[in-house]
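# got a predicted structure here, sequence first:
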Amino acid sequence: MLFGFSACRWIALALLIPLLSGAARSRDIENIEGRLKRLVAALKDAEASTQPSSSLVPIAGQGLLEVPEGTRFVPAEQTRAFLESVGNAHDVSIMGMIIPQNFYMDPDWMVVIRWNDLGFVDESRFKNLSDQQVIRSIKKTVTAQNKIRQKTGLPALYLKNLLLSPRCDTATHSAEYATDWTIEGLDREGVLFSRYFMGRSGIISFNFVGITRPLDAIYPIINPISQRFSYLTGHNYTDFDPAHDRRASFPHEIVFPSWQKTAGCMLVVAVLSWLKRRRNKKSL
């Protein structure tokens, strides 16, 4: 088993610790207990549905992904339930996630997969985005999301730096960028690395979320995942038909939502890392 029920309960309790700032009202406790039950159920469902390495999984009817060695794939329904149980809003664009084989024993990262059906994105438009535009757009998104998170009792997230400016690879019709972030009340920093593959009618994105590390340490994780994805015939970027297919309006519409839609993943990884350190200290 990837993880047991008792481990689920400990993980769930750890995830709820950031919500317990100050004296909790009875209604708050009821909400916390309800979230705990949802999280435990979501973790059990994720375990039962997890597919092993070398599995060939379809992504949104657009392409196929071969699960890399040493990783596992959690399907869309279970991934959404898992992320929603820790405060993420329902997100139909989520197609699943890749996790390391020993995720709940050594929880360092996850890669959430999304399909954004926004139309054809002209890759040349990424070249006109400045770092200032990127930072402004992300901060605007984070500020809006933090107001929602505050109302629901979840800790705020903050952008620290733009680690990698948006850049486009015209050979693979892909784009990528990276930021680092902090969570209010936790002492660990994290990183969000997003890679997008443009298709005929939208974007497949691989969103790496983990504890802060150099970019050179992220590429060996995300490269094998993205290199094992391929669009099906007829869905490729080069299959675009300008006479009939719709176009996306702005490239930042597919880049910057990663921040708001990956907020729950950031919290999960950060607190699981906290739990790991706590267990390690007890074993000394």
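That came in fine, so what should we check first? Numbers count the residues shown, from 1 in each chain.

# in the protein, where's the longest strand?
For the chain, the strand reaching the highest residue count under DSSP state E is reported as strand 157-169.

# identify the residues contacting the helix or strand that that strand is followed by?
Where DSSP states H and E defines the elements, the next helix or strand beyond strand 157-169 is strand 174-183. Strand 174-183 is contacted from outside by 18, 123, 126, 134, 138, 155-169, 189-198, 212, 215, 218, 226, 251, 255, 259, 266-267, 270, using CB atoms under 8 Å, 6 or more residues apart in numbering. Quick note: C-beta positions are derived from backbone N, CA and C, even for glycine.

# before we move on, back to that, same question for the longest strand of the chain, mean pLDDT?
Confidence over strand 157-169, taken as the mean pLDDT, stands at 84.

# that strand: partners in the sheet, and parallel or antiparallel?
strand 174-183 (antiparallel) (DSSP bridges).

# give me the buried positions along stretch 96-112.
96-100, 103-104, 107-112 (16 or more other CB atoms under 10 Å).

# one step back: which parts of the longest strand of the chain are buried?
Leu157, Leu159, Leu162, Leu163, Pro166, Cys168.

# with stretch 57-77 instead?
Residues of stretch 57-77 classed as buried: 57, 59-60, 62-63, 65-68, 71-76 (neighbour count, 16+ other CB under 10 Å).

# nearest to Lys37, out of these: which one, please.
In terms of CB to CB, no member of the buried residues of stretch 57-77 lies closer to Lys37 than Val74, at 19.6 Å.

# which residues does the host helix or strand of the closest one contact?
Per DSSP H and E: Val74 is located in strand 71-75. If you take CB under 8 Å, 6+ apart as the criterion, strand 71-75 is touched by 2, 46, 49-53, 55, 57, 65, 67, 82, 96-101, 103, 225.

# next up, the contacts around Arg114.
With the criterion set at CB under 8 Å, 6+ apart, Arg114 makes contact with Asp91, Ser93, Ile94, Met95, Ile203, Ile204, Ser205, Asn207, Lys261.

# how close does it sit to Ala60?
9 Å (CB to CB, to the nearest Å).

# where do the contact lists of these two overlap?
Common neighbours of Arg114 and Ala60, using CB under 8 Å, 6+ apart, are Met95, Ile204.

# now render the buried residues of stretch 96-112 as TSV, adding pLDDT and distance to Gly119.
Converted to TSV, the buried residues of stretch 96-112 look like this (pLDDT from 0 to 100; distance: CB to CB, whole Å):
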residue	pLDDT	distance to Gly119
Gly96	94	23
Met97	92	25
Ile98	94	26
Ile99	90	31
Pro100	88	34
Phe103	74	34
Tyr104	62	38
Pro107	66	36
Asp108	75	35
Trp109	85	31
Met110	87	28
Val111	93	25
Val112	92	22
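
# show me the residues you listed that map onto strands.
Reading strands off those with DSSP E, I get Gly96, Met97, Ile98, Ile99, Pro100, Trp109, Met110, Val111, Val112.

# looking at those residues, which is nearest Ala243?
Of all those, Ala243 sits closest to Gly96, with 33.4 Å by CB to CB.

# any idea what the closest one is bridged to?
Gly96 forms beta bridges with Pro75, Ile113, as assigned by DSSP bridges.

# close enough to count as contact, it and Ile113?
Yes - taking contacts as CB atoms under 8 Å, Gly96 lies within contact range of Ile113: 5.1 Å.
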